[in-house]
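Visitor: have a look at this prediction, sequence included:
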Amino acid sequence: MKKIKNMSIGEARQAFSKFEAKHPRNDDFDMNGLQINQFRELFEKANKEDFASLLYDLFNYGFMAGYKQSEADLKAKVDKRMYSDMQRRLLELVYYLPFGYHAEYFYYLMVYSFEDGMLEAFFPRRIAKPALAIRAEREEKEARKKAEREERQKVIDEALKQYEQQKGGVA
């Protein structure tokens with residue numbers, strides 16, 4: 001798709017009509033009649049420089065309106081999926097925790113906080129399966145570390161026995 005800055009006026013209008021068919025505008029963010037009349041009066045009186053700045057102001061207004069409408073649409077989607085006010089509060093609490101972009105730490109904390117068997121009992125499989133995989137990976141890692149520690153301890157014990165034997169044989 002062409003960038004807007006590379007389109008002719010006809011191409012831009014055609015692209016906008018296709019866009020508008022998929023993304024209808026909400027009237028709350030459109031300009032009202034008073035604003036349009038004020039811009040019309042300014043256009044009639046404007047010289048070339050003022051005309052360009054007015055076009056730029058209109059573009060900025062449209063950009064701002066589009067941004068606000070997308071925010072409103074997102075909020076409407078979130079509101080549609082909320083079951084209760086308590087769910088909203090919990091979601092906001094989790095969102096504003098000091099973990100920031102490192103939410104995976106909070107996820108791991110939650111996964112490890114459940115007792116054995118609770119994940120399978122209370123959560124659907126699509127949520128429990130990755131959490132159980134994380135727990136299994138952790139248990140495997142701990143078992144590996146324990147085996148390495150035991151191996152190192154055996155080597156140390158063997159070295160101590162040899163040292164005691166040498167020390168006992170020399171004395």
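Guide: That came through fine. Keep in mind the model is a prediction, meaning the values are calculated, not measured.
Visitor: for the strand or helix carrying Val155, name the packing helices and strands.
Guide: Secondary structure assignment for Val155, by DSSP states H and E: helix 125-170. Applying 3 or more Cβ pairs under 8 Å, 6 or more residues apart in numbering; DSSP states H and E, we find helix 125-170 packed against helix 103-113, helix 118-122. (Glycine included, C-beta is placed from N, CA and C.)
Visitor: I'd like the ones you listed as CSV, with distance to Met86 and mean neighbour count appended.
Guide: Output for these, formatted as CSV (distance: least, Cβ to Cβ, whole Å; neighbours: other Cβ atoms under 10 Å):
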stretch, distance to Met86, mean neighbour count
helix 103-113, 17, 12
helix 118-122, 17, 12
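Visitor: possible to save those as JSON lines with mean pLDDT?
Guide: Shown next, in JSON lines, are the helices and strands packed on helix 125-170 (pLDDT from 0 to 100):
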{"stretch": "helix 103-113", "mean pLDDT": "81"}
{"stretch": "helix 118-122", "mean pLDDT": "84"}
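Visitor: list the buried residues in the worst-scoring helix or strand of the chain on mean pLDDT.
Guide: Lowest by mean pLDDT, DSSP states H and E among the helices and strands of the chain is helix 33-45, with a mean of 75. Residues of helix 33-45 classed as buried by neighbour count (16 or more other Cβ atoms under 10 Å): Phe39.
Visitor: past it, which element shows up next along the chain?
Guide: Once helix 33-45 ends, the next helix or strand along the chain (criterion: DSSP H and E) is helix 48-81.
Visitor: quick one: low-confidence ranges for this structure?
Guide: Residue ranges of the chain with pLDDT under 70: 1, 25-34, 99-101, 169-171.
Visitor: related to what we said a few turns ago, out of the helices and strands packed on helix 125-170, flag the one nearest Lys161.
Guide: Across these, Lys161 has its closest neighbour in helix 103-113 (39.7 Å, Cβ to Cβ).
Visitor: packing partners for the closest one?
Guide: helix 125-170.
Visitor: next, the angle from the helix it packs on to helix 103-113.
Guide: Helix 125-170 and helix 103-113 are oriented at 80 degrees to each other (axes from the mean of the first three to the mean of the last three Cα atoms, to 10 degrees).
Visitor: next one: helix 125-170 to chain centre, how far?
Guide: On the basis of Cα atoms, centre = their mean, to the nearest Å, helix 125-170 sits 38 Å off its chain's mean C-alpha point.
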